[in-house]
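Q: no sequence on hand, only this structure:
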């Protein structure tokens, strides 16, 4: 007898597969940080490449838009790795050169559709490798391990708090036309968990005041939620369900990175202010 297929949870995904993949990704990230924190840059470089590749495929499938994948992959790696020794200057130069490459790549095909294709290419460069590079700026600081752990712990707490609260008592849709499963109750759960995680992480890992950590947690949760909604908007515009199929229970890697990408920039900016 064929065993019955696992039914998705009330959140709309295979919970066992999602947890298994999530734990596996967490182990890889923690191992890279704890063995030698700069190994985390290699993890980010790989994530930026896979995410860019998935986004290029989604744009092609959903809207017939072809972006210069080789230029974006090379430029994305330049952004990630230049951020290590050169900081914001290296990141800005690598991003500008990548944008210039996108502008030049599209010229031989003529003016028809030029703006659409170039805009998609620049969006891909900014959305994946540029945002990823701010996580590099977090980890290369003298207390980079604590900064990255704070960023990740707040993200995990937000996911767990929002998921549990949303499944148990979620009743009021937050953005029904964009992401029907998100509820205001789930957002409240994310905020509560994120603020506690932020207060503890900033105080214990970075030596900052607890109130600054609570504020950081609240803002990171808000940004993570907005990041989820942004990717949902992109997928709805393209008419696709997932960015890829790499991770069982999650879709593509980019489907797991959606909330983390813009949050990496906000975490870097906030922690630079509250724990200089």
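A: Looks like it arrived, so ask away. Note that the structure is a prediction, hence the values are computed from the model and not measured.
Q: quick one: the helices in the stretch 101-250 of the chain?
A: Counting by DSSP state H, counting those that start in this stretch, one finds helices in the stretch 101-250 of the chain at the ranges 114-125, 131-139, 144-169, 184-206, 210-238.
Q: which one of those is the most hemmed in?
A: Ranked by mean neighbour count, the helices of the stretch 101-250 of the chain are led by helix 131-139 with a mean of 26 (mean count of other Cβ atoms under 10 Å). Quick note: C-beta positions are derived from backbone N, CA and C, even for glycine.
Q: pretty sure residue 29 contacts residue 40?
A: Yes. Using Cβ atoms under 8 Å, residue 29 is in contact with residue 40, at 7.0 Å.
Q: okay, those two: which has more neighbours?
A: Neighbours per residue, other Cβ atoms under 10 Å: of residue 29 and residue 40, the larger number sits with residue 40, 25 against 18.
Q: got a list of what the residue lying closest to residue 152 once chain neighbours are set aside touches?
A: Spatial nearest neighbour of residue 152, excluding adjacent residues (Cβ to Cβ, 6 or more residues apart in numbering): residue 29 at 6.9 Å. Residue 29 sits next to 40, 43, 152 when contact means Cβ atoms under 8 Å, 6 or more residues apart in numbering.
Q: can you redo those residues as TSV with pLDDT?
A: Shown next, in TSV, are the contacts of residue 29 (pLDDT from 0 to 100):
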residue	pLDDT
40	95
43	95
152	94
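Q: where does residue 37 sit: helix, strand or coil?
A: coil (DSSP: H, G, I helix; E, B strand; the rest coil).
Q: correct me if wrong: it contacts residue 142.
A: No. Between residue 37 and residue 142 there is no contact, the gap being 10.7 Å when judged by Cβ under 8 Å.
Q: quick one: low-confidence parts of the stretch 101-250 of the chain?
A: Scanning the stretch 101-250 of the chain for pLDDT under 70 picks out the ranges 248-250.
Q: could you rerun that using 80?
A: Residue ranges of the stretch 101-250 of the chain with pLDDT under 80: 247-250.
Q: how far does stretch 116-134 sit from the chain's center?
A: Centroid displacement of stretch 116-134 relative to its chain, using Cα atoms, centre = their mean, to the nearest Å, is 13 Å.
Q: and for stretch 158-170?
A: For stretch 158-170 - counting by Cα atoms, centre = their mean - the centre lies 19 Å from the chain centre.
Q: cool, stretch 175-195 as well?
A: 17 Å.
Q: what is the neighbour count of residue 177?
A: Burial measure for residue 177: 9 neighbouring residues, criterion other Cβ under 10 Å.
Q: tell me the pLDDT of residue 7.
A: Residue 7 is assigned a predicted lDDT (pLDDT) of 48.
Q: one more: residue 41?
A: Confidence score, pLDDT, at residue 41: 96.
Q: can you count the residues close to it?
A: For residue 41, using other Cβ under 10 Å, the count is 21.
Q: ditto for residue 62
A: 16.
Q: show the contacting residues for it.
A: 235, 237-240.
Q: quick one on the thing from earlier: neighbour count winner among residue 37 and residue 142?
A: residue 37 (19 against 7).
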